[in-house]
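**Q** sequence-free structure coming up:
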Ligand SMILES: Nc1nc2c(ncn2[C@@H]2O[C@H](COP(=O)(O)OP(=O)(O)OP(=O)(O)O)[C@@H](O)[C@H]2O)c(=O)[nH]1
Ligand SMILES: [Mg+2]
């Protein structure tokens, strides 16, 4: 990247952070002056995109007040319990540049043609390090962003306290409340984010590049094991023979994998997201899987497990946020503990215990 594009990125980051702070400010004043959580929830249910966008901004906040408003909105939404599963949640992962955004753009358009309403949430774990934004992704999903039945939302995970993708579950619920019945979550397959997204979605798609083993692609075996469908993308031009060969190699490799918990045989397919080839087949394959899972009970049992996993995660996050907000000493102790764990001076378990003693001391 050239120096000037670095500078430009830095400016964009600052601008997007400033925009986020401003949005939160607007949200807070909206709450205090004009809009009750009930009215806000009703606006989301009536398809007000600003109301949806602003509520998603709350999911990205660390402030307890924002989370309280978010909770009130979620509680004010029409109950989903009686409705059962009303949407398909689809995770898309793969190394940077494999074509996730291009694929989602094409995939989303097929879904729109089939009469669905599509929301895309893109998680960028690198933004936690750089404060970056996903403006690039937004541009790449240009066609989808312009459709009235689609909603594209890049989500920086710049929260200090939440884990990767913290808040995304709530963002999914908000999109569903706004009437989107296909939710696609994009995440880069290089860190913990794909595990987090696996725990948020019904079907998990892994995009691979033609050629090279999985080690070469930086994809860990564990991520391959989590996938419900493997897709060799960029099956076009001179890449075609290699893409086919790669697909058959992965198909062979999968035979040695433990059975997929959903009870299906994981397939390997090829696509050209750029030329929109093979994408409809992926939509169909995902539909077949989800139908199967609805019948065999896996869909609901996986969602139940995910809800419990969210509960667990939120308990940890909220405890940390509360502590962080309550005391400067605790905040600096937390930073110190993080440093010690990061530099391998302390075991994570030891640090977590030290942290819980800080809680006890402060509480007593
Ligand atoms: N030839 C070819 N190029 C593709 C295909 N899909 C995507 N690309 C190109 O690959 C590059 C990266 O595509 P993206 O869709 O941004 O990839 P991504 O995985 O979302 O990248 P990150 O979000 O940065 O991780 C772009 O230049 C695309 O035009 C494809 O099917 N064939
Ligand atoms: Mg992308």
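**A** Nice, thanks for sending it over. Computed from a prediction, not measured in an experiment: that's the story for all the values here. Ligands and ions are numbered 1, 2, ... in the order given.
**Q** close to ligand 1: what parts of the stretch 251-364 of the chain are there?
**A** Taking CB under 6 Å from any ligand atom as the criterion, the stretch 251-364 of the chain approaches ligand 1 at residues 272-274. For the C-beta atoms, the positions are set from N, CA and C on the backbone; glycine is no exception.
**Q** out of those residues, which is nearest to residue 207?
**A** Relative to residue 207, the closest of these is residue 273; by CB to CB it sits at 8.2 Å.
**Q** hmm, residue 102 and that closest one touching each other?
**A** Yes: in this structure residue 273 lies within contact range of residue 102 using CB atoms under 8 Å: 4.1 Å.
**Q** what about the two, which has more around it?
**A** Neighbour comparison, residue 273 and residue 102: the larger count goes to residue 273, with 25 against 22 (by other CB atoms under 10 Å).
**Q** can you map out the helices along the stretch 251-364 of the chain?
**A** Applying DSSP state H, counting those that start in this stretch to the stretch 251-364 of the chain gives helices spanning 279-296, 298-326, 328-342, 348-363.
**Q** distance from the longest one to the middle of the chain?
**A** Going back to what we said before, that points to helix 298-326. In terms of CA atoms, centre = their mean, to the nearest Å, the gap separating the centre of helix 298-326 from the centre of its chain is 15 Å.
**Q** by contact count, what packs against it?
**A** Contacts defined by 3 or more CB pairs under 8 Å, 6 or more residues apart in numbering; DSSP states H and E place helix 298-326 against helix 64-76, helix 279-296, helix 328-342, helix 348-363.
**Q** what's the distance between the first one and the middle of its chain?
**A** Averaging C-alpha positions (CA atoms, centre = their mean) puts helix 64-76 20 Å from its chain's average.
**Q** could you list the residues in contact with it?
**A** 24, 27-28, 31, 37-38, 40-42, 44, 55, 58-59, 61, 170, 173-174, 318, 321-322, 325 (CB atoms under 8 Å, 6 or more residues apart in numbering).
**Q** how about a cut-off of 6 Å?
**A** Taking contacts as CB atoms under 6 Å, 6 or more residues apart in numbering, the residues outside helix 64-76 that touch it are 31, 37-38, 40-41, 55, 58.
**Q** residue 267: which of those is nearest?
**A** Distances from residue 267 to those, taken as CB to CB, are shortest for residue 55 (36.6 Å).
**Q** OK, contacts around that closest one?
**A** So, once contact is read as CB under 6 Å, 6+ apart, residue 55 ends up touching 73, 174.
**Q** is it correct that residue 279 is in contact with residue 108?
**A** No: with contact taken as CB atoms under 6 Å, residue 279 and residue 108 are classed as non-touching, separated by 9.6 Å.
**Q** mind telling me what element the closest residue to ligand 2 within the stretch 101-250 of the chain is part of?
**A** For the stretch 101-250 of the chain, the nearest residue to ligand 2 under the criterion CB to the ion is residue 101, separated by 3.4 Å. Residue 101 is located in helix 100-113, with elements delineated by DSSP states H and E.
**Q** would that helix count as contacting ligand 1?
**A** Yes: under the criterion of CB under 6 Å from any ligand atom, helix 100-113 makes contact with ligand 1 via 100-102.
**Q** number of residues surrounding the residue of the stretch 101-250 of the chain closest to ligand 2?
**A** By the measure other CB under 10 Å, the count of residues near residue 101 is 24.
**Q** ok, it to residue 36 distance?
**A** 37 Å (CB to CB, to the nearest Å).
**Q** which residues does stretch 199-210 contact?
**A** 88-94, 98, 100, 168-169, 185, 198, 217, 226-234, 239, 242-243, 246, 286, 289, 306, 309.
**Q** could you tell me the end-to-end distance of it?
**A** When the termini of stretch 199-210 are compared using CA to CA, to the nearest Å, they are 27 Å apart.
**Q** and it, which residues are buried?
**A** Neighbour-count burial for stretch 199-210, with 16 or more other CB atoms under 10 Å as criterion, is recorded at 199-210.
**Q** per-residue pLDDT, residue 34?
**A** On pLDDT, residue 34 comes in at 63.
**Q** phi, psi for the residue of the stretch 51-200 of the chain found nearest ligand 1 please.
**A** When CB to the nearest ligand atom is the measure, the stretch 51-200 of the chain has its nearest residue to ligand 1 at residue 99, with 2.9 Å between them. Backbone torsions of residue 99, given as degrees, to the nearest 10, read phi 110, psi 20.
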